[in-house]
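Undergrad: Got a predicted structure here, sequence first:
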Amino acid sequence: MNPTLPSPSAAGRAGKTRRLPVLLSLLTLLAPLITGPRAQAQVAGPITVYPENSSLELGGNRQFSAYVPVSPNTVVWSVNDIIGGHATFGTITPNGYYLPPAVPPSNNVVLIKARSTAFPTVVGTARLTLTRPYPWLWSVSPSTLVVGNYEVSFNGANFTTNSQALANGVAVPTTYVSATKLIARGATTQPGTNQFAVRQPGPGMVVGNIIAVPVRAVLTQVAVSPASATVSLGTTRTFTSTVTGNTNTAVTWSVNGISGGSATAGTISATGTYTAPKTLPSPATVTIRATSVAVATAFAQATVTLVPPPVTVAVAPATATVETGTTRTFTATVMNNTNPAVTWSVNGVNGGSATVGTISAAGVYAAPSGLPASTTVILRATSVASTSAYGQATVTLTPPSVVVAVAPATATVQLGSARTFTATVTGNANTAVTWSVNGTAGGSATVGTISAAGVYTAPAVLPSATSVTIRATSAVNAAAFGQATVTLTSVAPPLVWLPGARFLEQASFGPTPATLAAVQQKGIPAYLQEQFTLPATIIPTPTNNSMADLRAWVLYNYTSAPDQLRQRVIYSLSQIVVTSANKLIYPDMMLPWMRLLSQHAFGNYRDLLRDLTMSPSMGKYLDLAYSTKPGPGGGANENYARELMQLFTLGLWQLNADGSLLLDNYGLPMTTYDQGTVAQMALALTGWVYATPPGGGSSYEYAGAPMVPVQARHDTTAKSLLGCNLPANQTVQQDLEGVLDCLMSHPNIAPFIATRLIRSLVTSNPSGAYIQRVASVFANNGSGVAGDLKAVVTAILLDPEARQDIPTATQGRLKEPILHVSGFLRALNGGFSSTQKLTYLFDYMGQSVLNPPSVFSWFSPLYRVPHSSLFGPEFQIYSPTEATLRGNLLFGLLSSSGGDTVINLSPFQPYGNDLPNLVEAANQALLYGRMPAAMKQVLIDAAAPGYDARTRIETVLYLTALSGLYAVQY
Amino acid sequence: MINYSISRRRWLSGVGATSLLTRFSWMNAFAQTTTPDYKALVCVFLAGGNDGHNTVVPLAQTQFNAYRAARGGLALPDNNGALLQVVTPDGTPFGLNPGLAAIHPLWAQGKLAVLANAGMLVQPVTRTQFLANAVPVPTNLFSHSDQTQQMQSGVPSTSGGTGWGGRAADLVQTLNGTSTFPTAVSIAGPSLFCMGNVIRSASLFPGFNLDMSGMGIWPAAAANARKTGVQQVLQFDSGLALVQAANQSRRDAMDLNALLTGATATLTTVFPGTSLGNQLQQVAKIIKLRSTTGMSRQVFLCSIGGFDTHGAQSWQQWNLLREVSEALAAFYNATGELGVADRVTSFTMSDFGRSLQPSGSGCDHGWGSHHLILGGAVQGGKMYGTFPTLALGGPDDSGTRGTLIPTTSTDQYGATLAAWLGVPANQLGTVFPNLQEFANQNLGFLG
């Protein structure tokens, strides 16, 4: 640093001292960098600290600055010679910024010193007087005082707990309330002025501003109560006086200035009791005065308005007894008024009411037709001139002397039937009556009708209130009647024939009212034979080759096709010999497969397998098309050969005739075939290609005709598979026939296909005996033919285990979405529309229509019920989401019929108000009479609060459909 | 052929064993010694066939030149931005598609790995073998429906009726005790991937609740009576096992709904409002409920479509990968928020890869492809498998257009994930029938 440079400017010293600390502090920081270890001393004048003499309120702050005429000009700040100060005296920063202590030190004058760092003997000192905050007094309340004791509230600022109130310079008892409020107490002895102020005690003591409050003397005062009154002529009223400010409380009373009053204006007693005159004076207002005996100038007054006497009304007779259905006349007399008019009321109701009786303007009271809850009623006549004036009569109502009795008093009548009631009249010679139902003479279609002879005919539909009231009323007295209560019951819904209903759950997409009737009428065997003879429903070719349309149609077909058994078998076969729209994305590629299933549903399984093998649908889906003998450029495709054995005919494990696993000597299951078998079969099935379209063109994936054999692509070596030998040099067709013969003769095919079809149609856990019975029919239909599907289906459906109407604990199968939903629609006499747009919902429910995810179809036949050893294939797609979506679709079908789907709730509508029979109708329609009694009560309770019949019907059907008893076909 | 026959047979035996367990009392085969902690696999399926060549690009000069030569106008970088460089531990540089910016930092953090050129295989196959039809290969290569099914079933033909996610879940489900919550959950609709032989799978849609219809009727008393009625109707002991089970399924659904809607499964992590973002958010919420659901092992499937980029690929793929990476990054953060970052592994699958050679502004169906694996347990910052030679007609090409033969099989990929989930080594063959055809059955990306 250049030592000549840093002297502060004159301007800084004169007026801009606040800038100085900044400069100083900067230099303080720079000094070690610039000056080196130690600057050379250069002595000059003393240090001056600004401001030199000042005072500071606690809570404030002050910036000190120092004029330092030495170089370097750095200083050290201290308070009372403590560098940086102290909590007791206040602190100061190296830049001279002072903060006072929280409370003033005992000596409230502190010394602020700036000491040169270069020359420690060079010091500047400033005196700083610390004061307590100034106690501002903004106002005193009350703002005037009366001689004597007072208590006032000080409102101001900067009060502390030791603030002291001063009255005329003298300390008075003080209570601290807050920093802005003090309470002061004291006393005055004479009128004048009180000067209030607040003192903050020392050290740093300060007295705030003064507020002067006037003090005035005590007065004698008189008050009269009430201050005004209205007094009727000739009546009395007592007034009271109160004297304050004087020990003598005696007063004298006067009226209109006359002590004791007068006959004209009324008189008043020494104790203040005023007696009004007999006649109205003019003016009609008088003044009453009470004058203090001690101070004659102290008095108080009351104003009395004199009024005429009140109007009164008298009613005669004052009491009476009146029989219901009869009349009685009452008179009213108005007094103290010239207007005699009155208005009549009964129990406070002008003109009365039907319940308590009516009364005319002339006072004729007509008693009600029946006794009200309280047999005493009040008649009132109210003066028209003065509505506060009335007179009353008390009437006691009594029953009529004519009595009508109806028999029977209670009855239960079924809808549509009739019942005769009789009326007996006593107490009068005239025994004629009129009949009504629920208050309507002759009744109505809703609640039932009744003839003049008392013959009641119940309505056709149950009314919302299932109990109606029949009344016979005397011709003599309308209040004389007898009643009967009729409970209406609907006709119980017809019972469903359980054996037929169970059969239809297995042999169709669920029973309908019509098929239930038909199977009951014809019997199961005859109905079954009829189903076999029905023509197959034609499968349409969708316009625009739209798979969406085809999927929509399939659901429609399931609920509407007359050949239900064929459709159900097609549906089962479609899950055994599978294709899927996920690969066959256009209907023209899928339709050949669908038509084959329809064609062979009641035919022979071997024929089905042959046609399937040649089907372009299967050729594409499982890659048999273009499967060529091994050699350059191609290889036998094993895909179809493998699934043909694993899924379409034999399964993986060797089976006994009852479907159980055939075990080896070690008790282990044995495989049906090995990879060598697959390879041999694949070779045997080489040589199939798509047919050529009529008229030529590309044959690639042509679906209009079965695939055709190309001998040149066929492997002509000899094949050995499953114990069968196919000789060398056979044609494509010969090898196919050989494969089919081999499969059909394999001991597995009968129990394997029997088990698959039984699981799909009847029950997930059939007994071995059941499987064996059906398998034996598959192996031989009785005429030496194997694979006769009509015979197999017959055997499955007519088997005692299928027709077992009392279920075993493991009987039945969970309905998959298509059967659950289709069955529900059919049970409600409805179905899908052919163009419905709901198929996507089945995608969500795990049963994408025509579009299973793999050749294993939608669910595995080996899937087991969760946490159980029982088979339950359909449970694989009954996860929480799928179960919820299924239930929600069922509700959708119930609540929005008419577009995509239709249902008919008319069989339930007669029971909208008859919950037991409504529940019974649902029991018959969905559970075929098997609903447990406790569940019926649950449904009644669940439906009872429903807003209307429709809501109640929906509740009962919805909850029944959600129940496991409906979700499972058993 | 012989090898294939063994694998097929072994797998079929495995399936049979699973379904016959009770009869033969082989329950001890399922005994688990692992402590019941939590682990989940989250598959993000890139439907349509993601172009792996433009997902991960080699940046070493020779390979990059080969890449550019083969890809022509489709080569990156393009207008969508610079490639995001990553370096393997041996110093080899690669570039990620700029759409993957959101997960790019996870490579350096060691939480993101790439599996190179994986796909469906029956057994290892060379170009020479493939062209000579010398060894079996998956059926119907290059077909969406077949290859999607195969990737999800883990079976190199269309004969898989269950998914490998579901079968893996079958083998760890005992860890879930008596919980009725579905072990394998698809957030992308019913899926083959999640279907097992034993476990219960379910599909749950993002934001979708399992409320029952018709329960909000007026007046409230009627609604309450219906709700009470449903509960009671499902309680009757009919004495019929299947009826009881059906009632139990529906009660489970109601319990699950109460769980999903009643529990406050809220997350601090913000997810992108995309379809995949919503799906992964739903997964994170279900994971958050794990103590309530009682689940220790879970498998999830999410899906995003649009990767079948035959044309106009550049922006489209970038945009799709951006959605994928932003959703995955949020999901990874959410697993951190839930304290399970190292217990949840996300990975991509796709129908197949795409041809190296472009066709116009896109490219055609291929075979092997690169995949992303992400999570706290991932030994990330590495490239797994064998990066293929990018040359048309080159040693890895199955033909002339760069439809590359996978150098790692989906079996190896899935088995590594399944083993981490807890499937015992001796049962991995039940999940992946052809696994034993491959020498390396654990690729090591999960430690």
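TA: Arrived safely, thanks for sending. All figures in this text were calculated on a predicted structure; none of them were measured in a lab.

Undergrad: List the residues that contact residue 421.
TA: Just so you know, I chose chain A. Contact analysis of residue A:421 by C-beta atoms under 8 Å, 6 or more residues apart in numbering or on different chains lists A:406-408, A:411, A:435, A:450, A:454-456, A:470, A:472, A:484. Where C-beta positions appear, they are placed from N, C-alpha and C, glycine not excepted.

Undergrad: was after chain B, sorry
TA: Taking C-beta under 8 Å, 6+ apart as the test, what residue B:421 contacts is B:39-41, B:168, B:172, B:297, B:299.

Undergrad: Keep only those of these that are in helices.
TA: B:168, B:172 (DSSP state H).

Undergrad: Return the list of helices and strands in contact with whichever strand or helix holds residue A:737.
TA: In this assignment (DSSP states H and E), residue A:737 forms part of helix A:732-745. Under the contact criterion of 3 or more C-beta pairs under 8 Å, 6 or more residues apart in numbering or on different chains; DSSP states H and E, helix A:732-745 touches helix A:605-614, helix A:639-646, helix A:675-684, strand A:719-721, strand A:724-726.

Undergrad: How far off centre is the last one?
TA: Centroid displacement of strand A:724-726 relative to its chain, using C-alpha atoms, centre = their mean, to the nearest Å, is 71 Å.

Undergrad: Worst mean pLDDT across the helices and strands of chain B, which element?
TA: Lowest by mean pLDDT, DSSP states H and E among the helices and strands of chain B is helix B:21-24, with a mean of 26.

Undergrad: Residue A:941 versus residue A:776, what's the distance?
TA: Per C-beta to C-beta, to the nearest Å, residue A:776 is found 51 Å from residue A:941.

Undergrad: So for the two, which residue has more residues nearby?
TA: Between residue A:776 and residue A:941, counted using other C-beta atoms under 10 Å in any protein chain shown, residue A:776 has the larger neighbour count: 17 against 14.

Undergrad: thought that one was touching residue A:747?
TA: No: the pair residue A:776 / residue A:747 is not scored as a contact, 11.6 Å apart, by C-beta atoms under 8 Å.

Undergrad: joint contacts of these two?
TA: What both residue A:776 and residue A:747 touch, as defined by C-beta under 8 Å, 6+ apart, is the set residue A:657.

Undergrad: where does chain A dip in pLDDT?
TA: A:1-45, A:632-635 (pLDDT under 70).

Undergrad: Domain ranges for it, per the record?
TA: Under the assignment automatic domain parsing, the domains of chain A span A:10-131, A:136-216, A:221-307, A:312-398, A:403-489, A:822-845+A:875-969.

Undergrad: would CSV of those domains with distance to residue A:738 be doable?
TA: Listed next are these as CSV, based on distance: least, C-beta to C-beta, whole Å:
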stretch, distance to residue A:738
domain A:10-131, 108
domain A:136-216, 113
domain A:221-307, 129
domain A:312-398, 99
domain A:403-489, 70
domain A:822-845+A:875-969, 36
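
Undergrad: winner for burial among those?
TA: domain A:822-845+A:875-969 (a mean of 21; mean count of other C-beta atoms under 10 Å in any protein chain shown).

Undergrad: Please give the centre-to-centre distance between that domain and its chain.
TA: The answer for domain A:822-845+A:875-969 is 23 Å, by C-alpha atoms, centre = their mean.

Undergrad: and if you look at stretch A:674-690?
TA: Worked out by C-alpha atoms, centre = their mean, stretch A:674-690 lies 62 Å from the chain centre.

Undergrad: and the end-to-end length of it?
TA: 29 Å (C-alpha to C-alpha, to the nearest Å).

Undergrad: before we move on, back to that, list the buried residues for the helix holding residue A:737?
TA: By neighbour count with 16 or more other C-beta atoms under 10 Å in any protein chain shown, helix A:732-745 contains the buried residues A:732, A:735-736, A:738-740, A:742-744.
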